[in-house]
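Asks: can you look at this prediction? I've put the sequence above it.
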Amino acid sequence: MSSRELSTPLVRARREGVAIRLGIENLARRRLSQKVAFGFFWLAGLLVVAALLWIIGYVLVEGLQVLNLEFLTTRPRGGVSGEGGISTTIVTTLYLVLFTLFLATPLGVGAAVYLTEYAADAARRNRLLARLIQVARSGVEILAGVPSIIYGLFGFALFVVAMNRFTGGFSILSASLAGACMVLPVIIRTSEEALLAVPQSYREGSLALGATRWQTIIQVVLPAALPGIVTGLILSVGRIVAETAIFWVTIGGSYRLPTGLRSAGRPMALHVYMLATETRAFDKAMGTAAILILTIVILNLIINLTSRTFSRRMMGRGR
Amino acid sequence: MMNNVKLQVRNFHFFYGDFQALRDITVDIPRHQITSIIGPSGCGKSTFLRAFNRMNDLIPGTRAEGQILMDDQDLYSIDVVELRKRVGMVFQRPNPFPKTIFDNVAYGPRCHGLRDRARLTEIVERSLRQAALWDEVKDSLDKSGLALSGGQQQRLCIARALAVEPEVILMDEPASALDPVATLKIEELLQTLKQRYTIIIVTHNMQQAARASDYTIFFNMAEDRAGCLVEHGPTKEIFTNPKEKMTEDYITGRFG
């Protein structure tokens, strides 16, 4: 009977009234803190975007003043006045990107496949192998953080000097080998992450149909991981295009048109550096930088679009 | 050698490291029938099911003792790739590959070396028909398998398993992620499939076991959490006249 009395409408209303008022006070405070937090995030995002736009805008505006078809299609003439265009540096950059990726992609993706799909098994069977795999893993981690000039010096000592006969000394080949060493950790790590993100159920489904391990990897796991792997390649392209120091000591700097893998050259980023430090043609450095930025943007767009259409087709979201 | 037993399990034990997941299982699986495995969560039903295509081998540190014979041949004497071709599996969550419907079904035959496009087309159509999915997807074979609904995805996975023409099909709670209509479709499907295949199905759903299976195996956990076989027999008998008190308690919903 007493419990009945406790929940008369009056008592209940009083109790709920307190509860509701408490909720409102609380709500106002929670709303406020949310607003402050969102405001902060918004501001942070705005600042970052503004800074980026400012840099890119400045380079583009400055650079576009010297940009014309002639600038793009004539080769640099050298000298302290920095006469001429940038045609050969564009070609060298393209060669460098393509050949570096040609060297680094199979190695990097292969290493990632080994580490994610086979290493655990191998490590279980063999203690020594388990140790080696551990060393390889932490090696990749450390290499990813090594400054690029170290790769440059390494490349200079090994590829340019020691393997002079094979690489032709300062050459696109030496530079690509050094560049490949630099982007390998990036490719391995991003590919590894992409492979680990592939659901285990895909692998089980494939193996349960009597597919071999290898068939499973080639036909199910790698295609599913492709967008992630491509992201790694984009990052690598960005680094190769942007890198100056490592190529400064491996490719030579000749602004002639490279005639083969064993000939020297000068990529765009290095050309920007040379123009800015050794000539009076600062405007041309800006022009080259503008082209450099445009190249990176276009490359990213192309790779992004292809990987997106590919994964959309695979995941069936496209139609 | 067309006797009525497809798979013989003899004193089978299974371990994850030090933990014993299955203890001393001895049972025969009848040919061209649907055998359901029921029991409370964690009693080793799935582990037992995955022993038949040696899927457990993929997990590090596992160990099997005893014997499983398929048509009098020890499973461990068969090459594991060959075994998994003969013993197909459908998983709990539908897991179509991120490929087109056609490529999903053609995946198995292609892996086993079939390249002829006409033959593949024929197999894909036949498998999708057998899985009762053909009419729904025949105009969109080049669409991604992931674009289908859950129930359709599961039937796609069944078609994918049928395409390699297995002798046994293992199903690990194939309908637990599906709605009742899709579940019913799968159950009807099982009835047509059993004429050609030996089917083993793990299920949590007592009605499903009673409705859809011919033979029932009841598992339970011992005190040390190892899975043990409590009772097995024709489904009708198990559900109407169980010999063990534990079975009766379980199927009437008193525990589990």
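Replies: On my side now, so go ahead. Everything numeric in this text was worked out from a predicted model, so none of it was measured.

Asks: run through the bridge partners of whichever residue of the stretch 101-250 of chain B sits closest to chain A.
Replies: Nearest residue of the stretch 101-250 of chain B to chain A, counting by C-beta to the nearest C-beta: residue B:144, 2.6 Å away. (Each C-beta comes from the backbone N, C-alpha and C, glycine too.) For residue B:144, the beta-bridge partners under DSSP bridges are residue B:100.

Asks: center of chain B, which residue is that?
Replies: Centroid check for chain B by C-alpha atoms, centre = their mean gives residue B:170 as the closest residue, at 1.7 Å.

Asks: list the residues that contact it.
Replies: Contact partners of residue B:170, counting by C-beta atoms under 8 Å, 6 or more residues apart in numbering or on different chains, are B:49-50, B:52-53, B:87-90, B:200-201.

Asks: quick one: pLDDT of the residue of the stretch 101-250 of chain B closest to chain A?
Replies: Predicted confidence (pLDDT) for residue B:144: 90.

Asks: circling back to that earlier point, and the residue nearest to the centre of chain B, that's in a helix?
Replies: No - using DSSP: H, G, I helix; E, B strand; the rest coil, the assignment for residue B:170 is strand, not a helix.

Asks: so which of the contacts of residue B:170 are in helices?
Replies: B:49-50 (DSSP state H).

Asks: inside strands: which ones of the contacts of residue B:170?
Replies: B:87-90, B:200-201 (DSSP state E).

Asks: so which of the residues you listed are also by chain A?
Replies: B:88-89 (C-beta under 8 Å from any C-beta of the partner chain).

Asks: now do the contacts for the nearest residue to residue A:195 once chain neighbours are set aside.
Replies: Here the nearest residue to residue A:195 in space, its sequence neighbours aside, is residue A:116; by C-beta to C-beta, 6 or more residues apart in numbering or on different chains that works out to 4.3 Å. Under the criterion of C-beta under 8 Å, 6+ apart, the neighbours of residue A:116 are A:192, A:195-196.

Asks: residue B:110: neighbouring residues, count only.
Replies: Number of residues near residue B:110 (other C-beta atoms under 10 Å in any protein chain shown) recorded here: 18.

Asks: hmm, who's touching the helix or strand where it lies?
Replies: For residue B:110, the element it lies in under DSSP states H and E is helix B:101-111. Residues outside helix B:101-111 that contact it (C-beta under 8 Å, 6+ apart): A:206, A:209-212, A:215, A:219-220, B:85, B:96-97, B:99, B:119-120, B:123-124, B:127-128, B:137, B:140-145, B:148, B:156, B:159-161, B:163-164.

Asks: swap the cut-off to 6 Å and go again
Replies: Residues outside helix B:101-111 that contact it (C-beta atoms under 6 Å, 6 or more residues apart in numbering or on different chains) are A:209, A:211, A:215, B:96-97, B:120, B:123-124, B:127, B:137, B:141, B:143, B:145, B:156, B:159-160, B:163-164.

Asks: per-residue confidence averaged over it?
Replies: 95.

Asks: from the middle of its chain, how far away would it be?
Replies: Relative to its chain's centre, helix B:101-111 lies at 20 Å (C-alpha atoms, centre = their mean, to the nearest Å).

Asks: with stretch B:240-255 instead?
Replies: Distance, stretch centre to chain centre, for stretch B:240-255: 24 Å (C-alpha atoms, centre = their mean).

Asks: quick one, strands of chain B?
Replies: B:5-16, B:19-30, B:34-38, B:62-70, B:73-74, B:87-90, B:168-172, B:198-202, B:215-221, B:227-234.

Asks: JSON lines for the ones you listed, including mean pLDDT?
Replies: Output for the strands of chain B, formatted as JSON lines (pLDDT from 0 to 100):
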{"stretch": "strand B:5-16", "mean pLDDT": "94"}
{"stretch": "strand B:19-30", "mean pLDDT": "94"}
{"stretch": "strand B:34-38", "mean pLDDT": "95"}
{"stretch": "strand B:62-70", "mean pLDDT": "93"}
{"stretch": "strand B:73-74", "mean pLDDT": "94"}
{"stretch": "strand B:87-90", "mean pLDDT": "95"}
{"stretch": "strand B:168-172", "mean pLDDT": "95"}
{"stretch": "strand B:198-202", "mean pLDDT": "95"}
{"stretch": "strand B:215-221", "mean pLDDT": "93"}
{"stretch": "strand B:227-234", "mean pLDDT": "92"}
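
Asks: nearest to residue A:179, out of these?
Replies: Residue A:179 lies closest to strand B:62-70 among the strands of chain B, at 44.5 Å (C-beta to C-beta).

Asks: what about that closest one, near chain A?
Replies: No - Strand B:62-70 is not in contact with chain A by C-beta under 6 Å from any C-beta of the partner chain; minimum separation 11.4 Å.

Asks: tell me what that strand is packed against?
Replies: On a contact count with 3 or more C-beta pairs under 6 Å, 6 or more residues apart in numbering or on different chains; DSSP states H and E, strand B:62-70 meets strand B:5-16.

Asks: can you pull out the helices in the stretch 101-250 of chain B?
Replies: B:101-111, B:117-130, B:134-137, B:150-162, B:180-193, B:206-212, B:235-240, B:245-251 (DSSP state H, counting those that start in this stretch).

Asks: in a markdown table, list these along with distance to residue A:284.
Replies: Compiled in a markdown table, these are given as follows (distance: least, C-beta to C-beta, whole Å):
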| stretch | distance to residue A:284 |
| --- | --- |
| helix B:101-111 | 52 |
| helix B:117-130 | 57 |
| helix B:134-137 | 60 |
| helix B:150-162 | 59 |
| helix B:180-193 | 67 |
| helix B:206-212 | 76 |
| helix B:235-240 | 85 |
| helix B:245-251 | 84 |
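
Asks: all helices for the stretch 201-319 of chain A, in order.
Replies: Under DSSP H, counting those that start in this stretch, the stretch 201-319 of chain A gives helices at A:213-216, A:222-242, A:245-248, A:268-278, A:282-315.

Asks: so which of the ones you listed is the most packed in?
Replies: helix A:245-248 (a mean of 23; mean count of other C-beta atoms under 10 Å in any protein chain shown).

Asks: what does that helix contact?
Replies: For helix A:245-248, the external contacting residues (C-beta under 6 Å, 6+ apart) are A:148-149, A:151-152, A:175, A:178, A:267, A:270.

Asks: can I have the buried ones of the residues you listed as a ChimeraX selection?
Replies: Of the contacts of helix A:245-248, the buried ones can be selected in ChimeraX as follows, counting by 16 or more other C-beta atoms under 10 Å in any protein chain shown:
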select /A:148,151,152,175,178,267,270
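
Asks: which of the contacts of helix A:245-248 fall in helices?
Replies: Among these, the members falling in helices (DSSP H) are A:148-149, A:151-152, A:175, A:178, A:270.

Asks: from those, which is closest to residue A:129?
Replies: residue A:151 (27.7 Å).

Asks: quick check: the closest one touching residue A:181?
Replies: Yes - applying C-beta atoms under 6 Å as the test, residue A:151 and residue A:181 come out as touching, 5.3 Å apart.

Asks: is it possible to get a markdown table of the ones in strands among the contacts of residue B:170 that adds distance to residue B:190 and neighbour count?
Replies: A markdown table is the format used below for the ones in strands among the contacts of residue B:170 (distance: C-beta to C-beta, whole Å; neighbours: other C-beta atoms under 10 Å in any protein chain shown):
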| residue | distance to residue B:190 | neighbour count |
| --- | --- | --- |
| B:87 | 16 | 25 |
| B:88 | 13 | 27 |
| B:89 | 15 | 25 |
| B:90 | 10 | 27 |
| B:200 | 11 | 26 |
| B:201 | 7 | 26 |
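
Asks: okay, the ones in strands among the contacts of residue B:170 in TSV with distance to residue A:163 next?
Replies: Listed next are the ones in strands among the contacts of residue B:170 as TSV, based on distance: C-beta to C-beta, whole Å:
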residue	distance to residue A:163
B:87	54
B:88	54
B:89	52
B:90	56
B:200	61
B:201	63
